[in-house]
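Q: Provided below for reference: sequence and predicted model.
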Amino acid sequence: MKNINKLLVAAVLLVAAASAKADEHKYTVSILPGVSIPAFGLWESNGTSGTNINFGYNSSFYTAIAADYRLNNYLAAGLEIGRDWKHSPKQLPPTGTGAEMSSVQVTPYVRVFKKVDEFTPYGILGLGMYSMHENEFDAPGDGYAQAARTSTYLGFNVGGGVMYDINKDLQLGIDLRLHHVFSNMSDYNEDTGNVDNIAANTFNTSLKAQYGFDL
């Protein structure tokens, strides 16, 4: 009987140790596939007065990879690299072609989290560089033309999400983020008749798979 009790105690301790390990991984790596939805200002909609042409941008497929280091039971710091693959213009002049937008982000971040049973809600703030690329735009019949251009700007992202434990190492969840790029790329504003700067703002919704490990 004593041997059985010892085995039961040992089994409980092993289960507890495995559960604790799930909460105590020092490192995580994540992949985030999702969608990037333009929001606010000329990035989302460029007015329709005058020529009735909306030069705003459509949604794009989005992917990111991230890795971070747990500083304590509530805080981690890491680096995320993401890409908006192609935002196509909502509308162009009848003879217009091109002008698709893509971007690459490299953003260090901090993540605040709290383990609640199998769930881990978190908030995240990232600050770094966004490289914006616009394909060549040509509309000869309408007098518009613009060469391809690439510029890099400071930007940030803020949001949060919640993860669910699949096992002691793997979590799955959802990530919601607002990205703001301090872009000075310019475009014609149909509402004002001026050439205005475009601040790129997107809502990014992603599925997130996160793997934890220790070195």
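A: Looks like it came in fine.
Q: CA only for contacts and neighbour counts going forward, please
A: OK.
Q: quick one, strands of the protein?
A: In the chain, the strands defined using DSSP state E lie at 27-38, 60-70, 75-87, 97-98, 101-113, 119-134, 137-139, 144-146, 149-165, 170-181, 186-188, 195-197, 200-213.
Q: dump those to JSON lines, plus mean neighbour count, distance to Ser45 and mean pLDDT.
A: Converted to JSON lines, those look like this (neighbours: other CA atoms under 10 Å; distance: least, CA to CA, whole Å; pLDDT from 0 to 100):
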{"stretch": "strand 27-38", "mean neighbour count": "20", "distance to Ser45": "9", "mean pLDDT": "97"}
{"stretch": "strand 60-70", "mean neighbour count": "19", "distance to Ser45": "15", "mean pLDDT": "97"}
{"stretch": "strand 75-87", "mean neighbour count": "19", "distance to Ser45": "13", "mean pLDDT": "96"}
{"stretch": "strand 97-98", "mean neighbour count": "17", "distance to Ser45": "17", "mean pLDDT": "68"}
{"stretch": "strand 101-113", "mean neighbour count": "20", "distance to Ser45": "14", "mean pLDDT": "96"}
{"stretch": "strand 119-134", "mean neighbour count": "19", "distance to Ser45": "17", "mean pLDDT": "95"}
{"stretch": "strand 137-139", "mean neighbour count": "17", "distance to Ser45": "18", "mean pLDDT": "68"}
{"stretch": "strand 144-146", "mean neighbour count": "14", "distance to Ser45": "19", "mean pLDDT": "68"}
{"stretch": "strand 149-165", "mean neighbour count": "18", "distance to Ser45": "20", "mean pLDDT": "94"}
{"stretch": "strand 170-181", "mean neighbour count": "20", "distance to Ser45": "16", "mean pLDDT": "97"}
{"stretch": "strand 186-188", "mean neighbour count": "15", "distance to Ser45": "12", "mean pLDDT": "62"}
{"stretch": "strand 195-197", "mean neighbour count": "14", "distance to Ser45": "13", "mean pLDDT": "64"}
{"stretch": "strand 200-213", "mean neighbour count": "20", "distance to Ser45": "11", "mean pLDDT": "95"}
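Q: what's the closest of these to Glu44?
A: strand 27-38 (5.0 Å; CA to CA).
Q: residues touching the nearest residue to His133 once chain neighbours are set aside, list them.
A: With sequence-adjacent residues excluded and distances taken as CA to CA, 6 or more residues apart in numbering, His133 is closest to Thr150, at 4.3 Å. Counting by CA atoms under 8 Å, 6 or more residues apart in numbering, Thr150 touches Ser131, Met132, His133, Glu134.
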